[in-house]
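Visitor: give me the fold of what follows.
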Amino acid sequence: MRSDLVRVDFSTPKVSALEFPRDLWVEIPHISDNLNGQDHEKLNQAFLYGQPGFKYWDDPCEGSGLMALTLNKNFGANIDHYITVNMRTFEHIIDAMGGIDVEVKDEKTAKTSGLKVGTHHLNGAEALKLARNRSGGSFERADNQNLVVCAVRKKITSPQILAQVPALIETFQDNIRTDLTPAQLSQLACLGTQMPPRNIALASFPGDLFKQTRVFDPVFDKRIAILDADFVILTDFVTRFQMGTWPRGSRLHAIPRHRRRRYGIYMPVNHTSIPLLDAAAVLKRYGLRPDKKLGQNFLQDSSALEKIADAAEIQADDCVLEIGPGLGSLTRYLAGSARSVAAVELDPDLLAPLKAVLTPHPNMRIIHGDILELSISDLVDQPGYIAAANIPYNITSEACLP
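Guide: Predicted coordinates:
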């Protein structure tokens, strides 16, 4: 059982999905009278206890409704509609599309997915097996599920399948539990097929917010493994997610959780968590002034910094080359999003303050030199990279264009 909160913005358009770990120990409404006062269970149990056979919850929405109520009770999530797909229907949908192509990009993902590095064509049963594979734990299973989601979206927007979407909806609508009408389902499908991948975000809470622990569960009469977290912090993430302020810009991309955990993000960094650098104070501390001959200017506008960082659409496995970091105002935003940042600074007087400002960011290195005289291959550790700069276009273009 996987629970995702999905936000659909028809005006942008954009779709964001926030994954909730199934092992969170949460309060489930309406169950205590039937469980001798026990009102806490794992999150995935909310759907089970909402089924008619348990008679804990008398509502036509059944398990989906109790899950929605549980997410609202614990995290303040406001849910308007629900869609529930069982495993067998999921398998049949994959087969009806002719299977999916899943891309495994690194050895760590290969280990947790059970697939070798490369592209694999999976039928419905194989895709379901991958989605249920929990080698390494429930977090790794969610990673595998995201691989499948990315592959499904890519397949359903391919020319050969796109024309079949209305027929697929009609075929499977009786096997999907939802309070959406067939017309609303068609609208969502149409929206999803027309959106660019960068407008679809698969988000997860920062991995370092969770702690594996055990509690005694009187229902099973034994200690069980759960995930513990500060629900105040999780609620803040949910609030910003529903407001559309987190995650910010993104691309549909399944990033392995071992990278997400390291930086505490899945999609681009939450810029509001980065205080604005007081450039004037830093310059004064080091006895410096902007060098007009070098065209130096130091950004003090947080909105401008955010626009530059967002325009780059940086993901957690990207390598970034920053040209002319100055005092590191923009660099801090970039380092919070990327796997690595190489910052090339021409002015030797700025190296000391730059290193001091960027000390908290171990994923970056500072290079002293002229970008036009350096070899790009010596600066970045992968063929593809993102270049960012707050310097004249003629310098940036010479460095970035072949």
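
Visitor: would you map out the domains in this structure?
Guide: Here the domain assignment for the chain is 3-263, 271-400, based on automatic domain parsing.

Visitor: and the first one, how far out from the chain's middle?
Guide: Taking C-alpha atoms, centre = their mean, to the nearest Å, one finds the center of domain 3-263 at 12 Å from the center of the full chain.

Visitor: what's the mean pLDDT across it?
Guide: Here domain 3-263 scores 87 as its mean pLDDT.

Visitor: do stretch 356-366 as well
Guide: Averaged across stretch 356-366, pLDDT comes to 83.

Visitor: would you reformat the domains of the chain as CSV and include mean neighbour count?
Guide: Where C-beta positions appear, they are placed from N, C-alpha and C, glycine not excepted. As requested, the domains of the chain are arranged in CSV below (neighbours: other C-beta atoms under 10 Å):
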stretch, mean neighbour count
domain 3-263, 17
domain 271-400, 17
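
Visitor: could you pull out the strands for the stretch 251-400 of the chain?
Guide: Remark: strands assigned in the stretch 251-400 of the chain by DSSP state E, counting those that start in this stretch are 319-323, 340-345, 364-368, 386-389.

Visitor: select, out of these, the one closest to Asp9.
Guide: With distances scored as C-beta to C-beta, the stretch of the strands of the stretch 251-400 of the chain nearest to Asp9 is strand 386-389 (25.0 Å).

Visitor: and the closest one, which strands flank it?
Guide: Partner strands and pairing direction for strand 386-389 (DSSP bridges) are strand 319-323 (parallel).

Visitor: as TSV, the strands of the stretch 251-400 of the chain with distance to Thr181 would be great.
Guide: Conversion of those to TSV gives the following (distance: least, C-beta to C-beta, whole Å):
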stretch	distance to Thr181
strand 319-323	45
strand 340-345	48
strand 364-368	50
strand 386-389	42
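
Visitor: which SS class is the residue most central in space within the chain?
Guide: Computing the C-alpha centroid of the chain and ranking residues by C-alpha atoms, centre = their mean puts Ala203 first, at 2.8 Å. Going by DSSP: H, G, I helix; E, B strand; the rest coil, the secondary structure assigned to Ala203 is strand.

Visitor: any idea how far Glu107 is from Gly136?
Guide: Look at Glu107 and Gly136: by C-beta to C-beta, to the nearest Å, they are 13 Å apart.

Visitor: and Glu322, by the same measure?
Guide: Per C-beta to C-beta, Glu322 is found 34 Å from Gly136.

Visitor: could you do Leu122 as well?
Guide: When Leu122 is compared with Gly136 (using C-beta to C-beta), they lie 20 Å apart.

Visitor: and for Ala389?
Guide: In this structure, Ala389 lies at 39 Å from Gly136, with C-beta to C-beta as the measure.

Visitor: re the thing from before, right, so of the strands of the stretch 251-400 of the chain, which gets closest to Pro52?
Guide: Closest to Pro52 of these, according to C-beta to C-beta: strand 386-389, at 51.7 Å.

Visitor: how far does that closest one sit from the chain's center?
Guide: Between the centre of strand 386-389 and the centre of its host chain there is 22 Å, according to C-alpha atoms, centre = their mean.

Visitor: from here on, count from 545
Guide: Okay, using 545 as the starting number, the last item reads as strand 930-933.

Visitor: hey, C-alpha coordinates of it in CSV?
Guide: The C-alpha atoms that make up strand 930-933 are tabulated as CSV, following Å, rounded to 0.1, in the frame of the first residue of the first chain:
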residue,chain,number,x,y,z
ILE,A,930,24.6,22.8,-16.0
ALA,A,931,26.3,26.2,-16.2
ALA,A,932,25.2,29.1,-14.1
ALA,A,933,26.6,32.6,-13.8
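
Visitor: avg pLDDT for it?
Guide: Looking at strand 930-933 alone, the average pLDDT works out to 78.

Visitor: ditto for stretch 872-892
Guide: If you average the pLDDT values across stretch 872-892, you get 85.

Visitor: CA atoms only: put it into CSV for me.
Guide: Taking C-alpha atoms only, stretch 872-892 is exported to CSV below (Å, rounded to 0.1, in the frame of the first residue of the first chain):
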residue,chain,number,x,y,z
GLY,A,872,29.0,32.9,-3.0
SER,A,873,25.5,34.4,-2.9
LEU,A,874,24.3,32.3,-5.8
THR,A,875,26.7,29.4,-5.1
ARG,A,876,24.9,28.6,-1.8
TYR,A,877,21.6,28.1,-3.7
LEU,A,878,23.3,25.9,-6.3
ALA,A,879,25.2,23.8,-3.7
GLY,A,880,21.9,23.1,-1.9
SER,A,881,20.4,21.5,-5.0
ALA,A,882,23.2,19.8,-7.0
ARG,A,883,25.4,16.7,-6.4
SER,A,884,28.5,18.8,-7.0
VAL,A,885,29.4,22.4,-7.8
ALA,A,886,32.6,23.7,-9.4
ALA,A,887,33.0,27.5,-8.9
VAL,A,888,35.6,29.3,-11.0
GLU,A,889,36.7,32.7,-9.6
LEU,A,890,39.1,35.0,-11.4
ASP,A,891,39.8,37.5,-8.6
PRO,A,892,42.3,36.1,-6.1
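
Visitor: which residue packs closest to Glu647, ignoring adjacent ones?
Guide: Nearest non-adjacent residue to Glu647, counting by C-beta to C-beta, 6 or more residues apart in numbering: Thr663, 5.1 Å away.
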